[in-house]
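> Fold the following and give me the result.
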Amino acid sequence: MFYAALDVSLRSVAVCIIDDDGKGRLERSVPSDVPGLVRFLNEFGEPIHQVGREAGPLTQHLTYGLREAGFDVVCMEARQVAAALSAMRNKTDKHDAGDIAQILRSGWYSRVHVKSVESHHLRALLTSRNVMQRSCIDLENEIRGLLKMFGVKLPMRLSRAALYAAAKRHAHALDRVVEPEGAGHAADENQGASARHRRRRPKTCCRPAPHVGRRQRVPAQIGGGGMT
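I've put the predicted structure just below:
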């Protein structure tokens, strides 16, 4: 039986394949995408018993991609793997992949359940909704704070539509705040354009030309002479 271990990073994956005796058979670094990993594992030429990796950001993507290709993927608990790798002397992606392969072969690990794709979609939806809600609350608090400086006190319990309507009614109080900011932005743009224009101007030599402003004797030409 053969065991394959993956040490996954954002751009690349270090792959180590060992046999049942723990001897290394193949080591290589491949891009961190499913087609490249599947192509590499199939090109090995021998059936792979298990493919192991520690839990991380790309767990769901790589695990389900390799399982669809017919591989038995084992996701190991990250803290246990990190504790085992911390005792090793050489800390490189290549050596870490080999050590993970030995852990996979020995069975000294805790298997981690990988959630379904639907659960990840739902989690991403809830996370994005939470971020949007926090952004809206921050914006509302900022509007209340700006209006409060000019004596406009809005009620504590106010719907979002009513809050924006009140902000529009008292928008004249914010004119002096918005205008200088826009003027400063325009001045900054003009200054940047002027600086870019100065960089594009050809460089001129400021060194004065020699013998300017005084008379100088010039050698006579053949066939004639003269003074300047």
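
> Isn't A101 up against L6?
No - at 9.2 Å, A101 does not count as touching L6 under the criterion of CB atoms under 8 Å. (C-beta placed from N, C-alpha, C; glycine too.)

> any residues in contact with both of those two?
Each of G52 lies in contact with both A101 and L6 under the rule CB atoms under 8 Å, 6 or more residues apart in numbering.

> Tell me where this protein has strands.
3-8, 12-18, 24-31, 50-54, 73-76 (DSSP state E).

> Touching the second one from outside, list them.
Think strand 12-18. Against strand 12-18 from outside (CB under 8 Å, 6+ apart): 2-7, 24-32, 37, 40-41, 44, 48, 62, 93-94, 96-98, 100-102, 105.

> Drop anything exposed from these.
Among the contacts of strand 12-18, those buried by neighbour count (16 or more other CB atoms under 10 Å) are 2-7, 26-27, 29, 32, 37, 40-41, 48, 62, 93, 96-98, 100-102, 105.

> In this protein, what helix or strand scores lowest on average pLDDT?
helix 175-200 (a mean of 49; mean pLDDT, DSSP states H and E).

> Show me the longest helix that occurs in this structure.
helix 117-148 (DSSP state H).

> so what secondary structure elements neighbour it?
helix 59-68, helix 160-169 (3 or more CB pairs under 8 Å, 6 or more residues apart in numbering; DSSP states H and E).

> Throw those into a markdown table and include distance to S119 and mean pLDDT, thanks.
Shown next, in a markdown table, are these (distance: least, CB to CB, whole Å; pLDDT from 0 to 100):
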| stretch | distance to S119 | mean pLDDT |
| --- | --- | --- |
| helix 59-68 | 9 | 89 |
| helix 160-169 | 30 | 75 |
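
> Nearest to Q133 among the ones you listed would be which one?
helix 160-169 (10.9 Å; CB to CB).

> Can you list the buried residues in that closest one?
Neighbour-count burial for helix 160-169 [16+ other CB under 10 Å]: L163, A166, A167.

> and the residues you listed as JSON lines, adding distance to G145?
Shown next, in JSON lines, are the buried residues of helix 160-169 (distance: CB to CB, whole Å):
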{"residue": "L163", "distance to G145": "12"}
{"residue": "A166", "distance to G145": "14"}
{"residue": "A167", "distance to G145": "12"}
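
> Next, the buried residues of the longest helix of the chain.
E140, I143, R144, L146, L147.

> Excluding covalently adjacent residues, which one is nearest to the third one?
If you skip the residues right next to it in sequence, R144 has L154 as its closest partner in space, 5.7 Å away by CB to CB, 6 or more residues apart in numbering.

> what's the answer for the last one, then?
Sequence neighbours aside, H170 is the residue nearest to L147 in space, at 5.8 Å (criterion: CB to CB, 6+ apart).

> Please tell me how far that neighbour sits from S159.
17 Å (CB to CB, to the nearest Å).

> what does V8 give?
From V8 to S159 the distance is 47 Å (CB to CB).

> Between the two, which has more neighbouring residues?
V8 (22 against 8; other CB atoms under 10 Å).

> so A5 makes contact with L104?
Yes - A5 is within contact range of L104, at 5.7 Å (criterion: CB under 8 Å).

> Name the residues contacting each of those two.
G52.

> what's stretch 132-140 in contact with?
R160, L163.
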